[in-house]
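**Student:** Sequence and computational prediction follow.
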Amino acid sequence: MRFLFLIFFPLAIQAQVRNIDSLPESQIDIPILVNLKPIFAMAENNVDTTFTSPNYPKDWVQSDCATRYKYHFRRSPLNMSMQGTTLQLSFTGFYQIIGATRACVNGVVLSPWTPSCRCGFEEPERKVQIGFTSQFNLQPNYILQTRISRNEPKPMDKCEVCFWGQDVTKSVIDGLKAELDLSKKAMEDSFGKYNIRPYLQTAWSMLTDVHYLPGIGYFSLHPKRLRMNQINAKNDLLHINIGLSATPQVSFKKPEPDLTPMPDLGTTANPGGFNVFLEAALQYDSLSKVLNGFLVNKRFDLNEGLFAKHIIIKETAVAADGDGDLKIMVNFTGSFNGTAIFKGKPVYNDEKRSIEVHDLDYDLQTKNLLLKTGKWLFNKKIINELRKYTSFELSSYYDTAAVSLNDWLNREWTPGIKGTGSVESLKLTQLYALPEHLLIRSNCKGKMSVVVTQINM
């Protein structure tokens with residue numbers, strides 16, 4: 001394939017380019033689908049299932065001079081569901097209470113404790129339905145704001161104790177509300193405003209790193225802006241759309257990472273998928289080395305009347321002028337010694353998917369001594385030979401690059417996090433022969449998504 005690889009994804013440039021349009025920013029939008037079941041299971045495993053009064057069943061809790069009690073409380077499995085940005089958490093509580101009372105006046109004990117009376121022991125445990133509602137909102141400064149509200153506890157059966165001789169369900173529920181309100185406040189203190197910037201900064205740093213793509217080179221994304229639409233959940237699936245604006249580059253030589261601070265979050269919507277513009281530069285000395293590999297020591301036999309003549313290519317060099325033309329310098333020996341400079345316009349043939357040099361001809365003004373013999377010496381045979389080695393077929397490279405990119409997109413990056421996607425189009429879009437280098441622009445479009453089925457904490 002000669003130097004197809006050198007042409008399509010060469011050393012990315014950092015220098016300013018003169019007299020050409022600026023390269024559009026690349027847009028990469030990735031839908032992320034998170035399976036909430038593992039998260040719910042993690043919460044289930046990390047929340048206690050049984051709660052008791054201190055030192056139960058040995059010690060008592062004495063709320064005042066006249067009353068003492070101790071309790072055992074257990075919960076059912078957590079029931080969690082998410083819709084939009086609202087999380088519902090509920091469970092059934094099963095409780096037992098042992099209590100006793102005595103007569104007191106102004107804190108003075110007038111009688112001993114009554115025999116202990118029980119609720120939920122000789123009969124089934126008493127039940128109550130408990131729940132919380134949480135609303136999530138992600139701010140541009142990466143503060144995840146959570147509003148938690150306590151749902152009204154719903155007793156499912158009565159609790160009666162002998163020492164009061166009455167239904168104490170309301171008293172139990174009122175006490176439970178106070179405990180739940182304390183839990184609500186503790187959760188809001190811990191998670192009401194949660195800064196996720198440190199975690200996303202780690203991800204941002206990974207995006208600014210340099211990655212090696214087999215068969216292509218070193219890829220640098222150079223992210224500029226990060227955007228995210230509001231998270232949205234349905235059933236057990238959490239949908240997050242993350243978008244990046246970037247100026248990616250590819251190079252053969254590994255560059256230094258572009259370590260930049262993470263900007264605030266934007267919310268601009270984009271159609272999705274990725275539309276990546278790559279700008280790369282091929283140094284002319286690289287082109288010269290490749291062209292020399294094909295033409296140095298090549299002999300051309302020419303005939304002029306009765307005299308057989310020939311030339312042998314000693315060296316070639318590729319450069320460009322200020323008008324966007326390639327210049328190919330040819331040093332030769334043989335029947336004649338000298339130098340000729342050929343000029344041509346580099347163009348991309350989209351139909352043939354190839355880079356070609358059009359209007360290839362030599363510049364008579366540079367030949368001096370050769371002006372008299374140039375008419376026959378540099379005939380179509382030599383020009384056709386040069387044209388053949390300055391035409392670069394890219395079809396096979398497109399196919400190879402597409403396969404490599406698809407393999408990279410469709411893989412498990414870490415356990416439980418898998419990418420899926422496909423390249424829809426991959427093509428060269430513009431070609432400029434600049435004095436410093438041959439500037440090549442390409443465009444890659446496709447779709448990509450990420451599925452998270454496991455989160456390791």
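**Tutor:** Thanks, I have it.
**Student:** what's the spacing between residue 310 and residue 335?
**Tutor:** Remark: distance between residue 310 and residue 335 (CB to CB, to the nearest Å) = 6 Å. No exception for glycine: its C-beta is placed from N, CA and C like everyone else's.
**Student:** which sections of the stretch 51-200 of the chain are below the confidence cut-off?
**Tutor:** Per-residue confidence of the stretch 51-200 of the chain (counting by pLDDT under 70) places the weak regions at 161-168, 171, 191.
**Student:** ok, which stretches of it are helices?
**Tutor:** Counting by DSSP state H, counting those that start in this stretch, the stretch 51-200 of the chain forms helices over residues 169-191, 197-207, given from the N-terminal end onward.
**Student:** Columns mean neighbour count on top of those helices, output as JSON lines?
**Tutor:** Compiled in JSON lines, the helices of the stretch 51-200 of the chain are given as follows (neighbours: other CB atoms under 10 Å):
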{"stretch": "helix 169-191", "mean neighbour count": "14"}
{"stretch": "helix 197-207", "mean neighbour count": "13"}
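**Student:** Could you dump those into a markdown table and include distance to residue 69?
**Tutor:** Converted to a markdown table, the helices of the stretch 51-200 of the chain look like this (distance: least, CB to CB, whole Å):
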| stretch | distance to residue 69 |
| --- | --- |
| helix 169-191 | 10 |
| helix 197-207 | 44 |
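**Student:** which residue ranges form the helices in the stretch 201-350 of the chain?
**Tutor:** Using DSSP H, counting those that start in this stretch, helices in the stretch 201-350 of the chain cover 284-295.
**Student:** quick one: low-confidence parts of it?
**Tutor:** Looking at the stretch 201-350 of the chain by pLDDT under 70, you get 214-217, 230, 251-253, 268-271, 281, 302-308.
**Student:** Which parts of it are strands?
**Tutor:** In the stretch 201-350 of the chain, the segments counted as strands under DSSP state E, counting those that start in this stretch are 210-213, 217-220, 223-228, 232-235, 237-246, 249-251, 265-266, 273-282, 299-304, 307-320, 326-334, 338-349.
**Student:** which parts of the longest one are buried?
**Tutor:** Neighbour-count burial for strand 307-320 flags 309, 311, 313, 314, 316, 317, 318, 319, 320 (criterion: 16 or more other CB atoms under 10 Å).
**Student:** can you check the fourth one too?
**Tutor:** Within strand 232-235, the residues that qualify as buried are residue 233, counting by 16+ other CB under 10 Å.
**Student:** who's in contact with it?
**Tutor:** Contacts with strand 232-235, where a contact means CB atoms under 8 Å, 6 or more residues apart in numbering, come from 36, 81, 82, 83, 84, 85, 87, 238, 239, 240.
**Student:** How far away from the center of its chain is that strand?
**Tutor:** Going by CA atoms, centre = their mean, to the nearest Å, the spacing between the C-alpha centre of strand 232-235 and its chain's C-alpha centre is 21 Å.
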